[in-house]
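[1] Take a look and give me a structure for this.
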Amino acid sequence: MTTLSSDRTKVMKKHLNVALIGNPNSGKTTLFNQLTGSRQYVGNWPGVTVEKKEGKLSYKNEEIKIIDLPGIYSLSPYSSEEIVTRNCLLHDDVDLIINIIDSTNIERNLYLTTQIMELGKPIVVVLNMIDILEKKGDKIDYQLLSKLLSVAVIPMSANKHDKIESLMDSCLDIINQKASSKIQDVQNIYAPEIDSILNNIEKILKNSNNKFKVNPRWLAVKLFSEDHDILKNVHLTEDELSKINFYKNSVSPSKNTDRQMIISECRYDYTCSVCKKCVHKNLKNDKLSITDKIDKIVTNKFLALPIFLAIMMLIFYITFGPVGNYFKSWAEFLINDIIGNSIEKLLISLNASSWAKSLILDGVVKGVGSVISFFPQIMILFTLLSVLEDSGYMARAAFITDKMLRKIGLSGKAFVPLLMGFGCSVPAVLGTRILEHDKDKKLTILMIPFMSCSAKMPVYSMFISAFFPSHQPIIIFSIYLLGILVAIFTAFLFKNTILKGKEAPFIMELPEYKLPTLKNLSLHVWERLKDFLVKAGTVLVGATIVIWFLQSFNFSLHTVQDSSDSILAYLGAKIAPIFTLCGFNDWKASVALISGIIAKESVVSTSAILYNTEASMSLHHALSQHFSMLSAYSFMVFVLLYTPCVAALSAIRKEMKSAKWTIISILYQLITAWFVSALVFQIGTLIKNCLGGL
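    Next up, the predicted model:
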């Protein structure tokens with residue numbers, strides 16, 4: 001909770017609800033963080049916020065709840081973000097709306113403002129990014145804008161702390177005075193003929209049983225533009241419906257019969273007229289901006305894709321090449337030689353029992369430590385991807401991939417959750433809420449598990465460092481690329497079978513390039529790393545203890561000298577034959593894959609426990625006794641493609657809203673993983689035999 005006033009002697013009087021609304025990438029979440037002291041991630045690309053978030057602020061004896069709503073372009077319920085925002089405004093007790101406007105794109109942003117004004121709720125307009133506007137030499141007469149809109153207008157830069165108190169003072173003044181936008185002052189939005197029709201519909205609504213906490217004018221506009229969700233919830237009588245339809249149908253034949261388009265054109269005409277009066281462009285500044293100059297190269301139809309692939313290759317080289325390996329070796333030294341030896345000495349000094357030493361050293365330290373040792377590489381990968389996101393390049397990547405995605409039945413908008421899948425499948429699946437159509441959502445969710453999440457990276461790193469030390473970046477790039485190709489095949493397959501339909505149009509703002517701030521970058525990286533560390537300290541500890549117990553005891557609960565006599569070996573041996581064609585029919589490999597369903601990092605911790613049985617033998621050497629280069633690659637392919645972790649499956653079930661589709665997803669991933677892995681191994685074996693051995 002943030003306190004902007006030092007006056008703590010007065011007793012809190014009441015609780016106020018303030019909603020933050022604006023276009024995607026307009027600075028809502030930045031302002032939310034400034035007001036509440038929260039640390040929500042702020043991305044330089046649309047679609048970062050897909051759910052409403054709440055925080056609290058204490059200011060001048062008032063307790064204020066700040067609600068950060070998803071970025072939207074309209075209050076029409078076409079996307080999940082629009083539904084969340086509209087439901088909050090219609091059904092929640094919102095005392096005031098703060099409408100955040102990107103001052104560098106004021107004309108487009110005002111379209112939403114006109115809709116908000118018609119709600120009849122108190123409103124304050126924030127002209128955000130005013131510093132960027134002024135750098136261009138442009139100016140906005142915000143006093144005139146305030147007069148034309150009949151609302152308070154405050155210019156500010158949300159990434160700075162200035163004007164925060166002025167904003168909150170304006171909000172409290174408006175709430176206390178019960179001042180709101182006067183609907184008669186904004187009726188000139190519409191042409192006289194349309195305005196007359198809306199007035200007649202509004203009169204009918206004023207006398208009806210209106211359950212919505214909004215101005216009848218807004219409802220009139222929605223009914224005129226054929227908003228079926230509003231129509232079925234207004235509860236009008238047959239006579240009232242008949243009168244409304246009469247007025248709707250009285251539109252001049254010369255006008256467009258698409259009533260929604262009529263409303264949209266009126267709004268755009270109004271915003272254009274307002275901007276002509278209030279916005280003063282620097283006509284002398286006819287030079288291309290830095291953003292435009294960069295975009296001429298990175299979005300070039302010939303260069304865009306090669307540049308994108310080159311950037312990703314560079315990221316993998318830094319992560320898995322000399323830089324990543326250097327920090328990884330230090331992490332291994334710290335865990336094995338410093339922490340591990342210290343714990344061993346401590347256990348010896350305490351005269352701990354042999355089973356306790358085995359549990360802690362062979363189970364927890366060896367299992368969890370093997371995963372933690374990859375922490376530096378994961379941090380490097382997350383940092384580099386965050387730089388791309390915060391700079392604004394990822395929005396271009398969505399634009400670049402739109403043409404390719406459209407061929408498989410998706411728009412570039414699906415790129416956003418697909419890209420998130422490289423970090424973690426859970427937020428990626430939740431991120432599909434930005435997609436308007438159920439078909440697109442299902443198709444994207446089916447593709448996401450093939451986007452190699454960060455939890456799989458320790459598995460790749462373990463096998464690559466053991467079998468492909470000289471070609472790490474190339475091998476890891478091939479793995480990621482294979483996942484993308486399988487995802488594309490998946491989309492193509494389902495698009496032409498059970499998920500047929502037209503792809504949605506792609507609309508995404510390309511933000512200006514920005515230098516990532518250290519604060520935002522650190523926050524983004526930490527949010528991702530935190531999940532990794534929490535999982536390592538909870539799920540992996542539990543999983544390693546279970547694995548240690550099952551490989552240390554037989555069914556009579558007697559300790560075994562040879563793990564091949566354990567409960568785990570028996571269970572693994574029943575599954576192992578399934579993977580014969582994949583090249584790894586070892587029971588230990590089968591068990592490692594099963595543990596990976598809990599968390600993909602468990603594949604590493606389980607392998608460390610099962611394969612590294614001799615203290616004198618390194619894990620890399622132990623793996624080489626059970627895998628060849630080809631079978632190791634085949635194993636990585638299976639890990640890449642098979643069923644995601646339990647948390648991801650839970651998210652899939654939640655977003656699919658269907659047990660049938662969740663089961664379809666699981667079975668398809670398992671079958672695909674086995675088939676592709678077997679195909680890789682068998683073709684590789686054939687080539688090897690033809691060449692006389694590698």
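[2] May I have the residues that are in contact with Gln103?
    Actually, residue 103 is Ser rather than Gln. Ser103 makes contacts with 127-130, 132-133, 140, 155, as judged by Cβ atoms under 8 Å, 6 or more residues apart in numbering. For every residue, glycine as well, the C-beta is placed using N, CA and C.
[3] again, 7 Å this time
    127-130, 133, 140 (Cβ atoms under 7 Å, 6 or more residues apart in numbering).
[4] so Ser452 sits in a strand?
    No - looking at Ser452 with DSSP: H, G, I helix; E, B strand; the rest coil, it is coil, so not inside a strand.
[5] That one is in contact with Cys424, isn't it?
    No - contact between Ser452 and Cys424 fails when scored by Cβ atoms under 7 Å: they sit 11.0 Å apart.
[6] Could you tell me how many residues sit around Asp162?
    11 (other Cβ atoms under 10 Å).
[7] helix, strand or coil for it?
    Applying three-state DSSP: Asp162 is coil.
[8] List phi and psi for it.
    phi -70, psi 150 (degrees, to the nearest 10).
[9] For it, give me its contacts.
    So Asp162 contacts Met156 (Cβ under 7 Å, 6+ apart).
[10] list the contacts for Cys582?
    Counted by Cβ under 7 Å, 6+ apart, Cys582 has contacts 634, 638, 674, 677-678, 681.
[11] Just the ones in helices from these, please.
    634, 638, 674, 677-678, 681 (DSSP state H).
[12] In a strand, Ile64, correct?
    Yes - assignment of Ile64 by three-state DSSP places it within a strand.
[13] Got the confidence number for it?
    Model confidence at Ile64, given as pLDDT, is 88.
[14] Count the neighbours of it for me.
    Neighbour tally, Ile64, other Cβ under 10 Å: 26.
[15] okay but it is in contact with Glu54, surely?
    No - under the criterion of Cβ under 7 Å, Ile64 makes no contact with Glu54, lying 10.9 Å away.
[16] Return the residues in contact with Ser358.
    For Ser358, the contact set (Cβ under 7 Å, 6+ apart) comprises Ser552.
[17] pLDDT wise, what is it at?
    pLDDT, Ser358: 72.
[18] Also Ser618?
    pLDDT for Ser618: 68.
[19] quick one on the thing from earlier: Thr114: which of the contacts of Cys582 is nearest?
    Ranked by distance to Thr114 (Cβ to Cβ), the contacts of Cys582 are led by Phe638 at 54.2 Å.
[20] Next, count neighbours for that closest one.
    Neighbour tally, Phe638, other Cβ under 10 Å: 26.
[21] Next: the one 4 residues further on.
    By other Cβ under 10 Å, the residues close to Tyr642 number 21.
[22] ok, it - contacts?
    669-670, 673.
[23] Name the member of the residues you listed with the most neighbours.
    In the contacts of Tyr642, the most neighbours by other Cβ under 10 Å go to Ala673, 22 neighbours.
[24] Can you verify my assumption that it contacts Val639?
    No - counting by Cβ under 7 Å, Ala673 stays clear of Val639, with 8.2 Å between them.
[25] Output the lowest mean pLDDT helix or strand found in this protein.
    Within the chain, no helix or strand scores below strand 2-3, which has a mean of 51 by mean pLDDT, DSSP states H and E.
[26] Please name the nearest non-neighbouring residue to Ser250.
    Nearest residue to Ser250 in three dimensions, chain neighbours excluded: Ile197, at 6.4 Å (Cβ to Cβ, 6 or more residues apart in numbering).
[27] spatially speaking, which residue is in the middle of the protein?
    Central residue of the chain (Cα atoms, centre = their mean): Gly431, 4.7 Å from the mean position.
[28] So which residues of the stretch 51-200 of the chain form strands?
    In the stretch 51-200 of the chain, the segments counted as strands under DSSP state E, counting those that start in this stretch are 53-59, 62-68, 96-102, 123-128, 139-140, 152-155.
[29] now for those strands, which one comes closest to Gly27?
    Once the strands of the stretch 51-200 of the chain are compared by Cβ to Cβ, strand 123-128 is nearest, at 4.2 Å.
[30] other SSEs contacting that closest one?
    The contact analysis (3 or more Cβ pairs under 7 Å, 6 or more residues apart in numbering; DSSP states H and E) places strand 123-128 against strand 96-102, helix 106-117, strand 152-155, helix 164-177.
[31] and the shortest one, which strands flank it?
    So the one you mean is strand 152-155. Each strand paired with strand 152-155, and its direction, by DSSP bridges: strand 123-128 (parallel).
[32] Need the CA coordinates for the partner strand. CSV is fine.
    Coordinates of each C-alpha in strand 123-128 appear next as CSV, following Å, rounded to 0.1, in the frame of the first residue of the first chain:
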residue,chain,number,x,y,z
ILE,A,123,-13.8,10.5,-15.3
VAL,A,124,-10.3,12.0,-15.4
VAL,A,125,-8.3,11.8,-18.6
VAL,A,126,-4.5,11.4,-18.2
LEU,A,127,-2.4,12.5,-21.2
ASN,A,128,0.5,10.1,-20.7
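[33] For it, give the mean pLDDT please.
    92.
[34] Buried residues of that strand, list them for me.
    Going by neighbour count (16 or more other Cβ atoms under 10 Å), the buried part of strand 123-128 is 123-128.
[35] again with stretch 487-501
    For stretch 487-501, burial by neighbour count (16+ other Cβ under 10 Å) applies to 487-488, 490-491, 493-495, 499.
[36] Need the residues that contact that stretch.
    408-410, 439, 442-443, 446-447, 450-451.
[37] As JSON lines, the residues you listed with pLDDT, secondary structure and distance to Ala647 would be great.
    Shown next, in JSON lines, are those (pLDDT from 0 to 100; DSSP: H, G, I helix; E, B strand; the rest coil; distance: Cβ to Cβ, whole Å):
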{"residue": "Ile408", "pLDDT": "73", "secondary structure": "coil", "distance to Ala647": "27"}
{"residue": "Gly409", "pLDDT": "71", "secondary structure": "coil", "distance to Ala647": "27"}
{"residue": "Leu410", "pLDDT": "74", "secondary structure": "coil", "distance to Ala647": "24"}
{"residue": "Lys439", "pLDDT": "82", "secondary structure": "helix", "distance to Ala647": "25"}
{"residue": "Lys442", "pLDDT": "88", "secondary structure": "helix", "distance to Ala647": "20"}
{"residue": "Leu443", "pLDDT": "88", "secondary structure": "helix", "distance to Ala647": "21"}
{"residue": "Leu446", "pLDDT": "92", "secondary structure": "helix", "distance to Ala647": "18"}
{"residue": "Met447", "pLDDT": "91", "secondary structure": "helix", "distance to Ala647": "18"}
{"residue": "Phe450", "pLDDT": "92", "secondary structure": "helix", "distance to Ala647": "17"}
{"residue": "Met451", "pLDDT": "88", "secondary structure": "coil", "distance to Ala647": "15"}
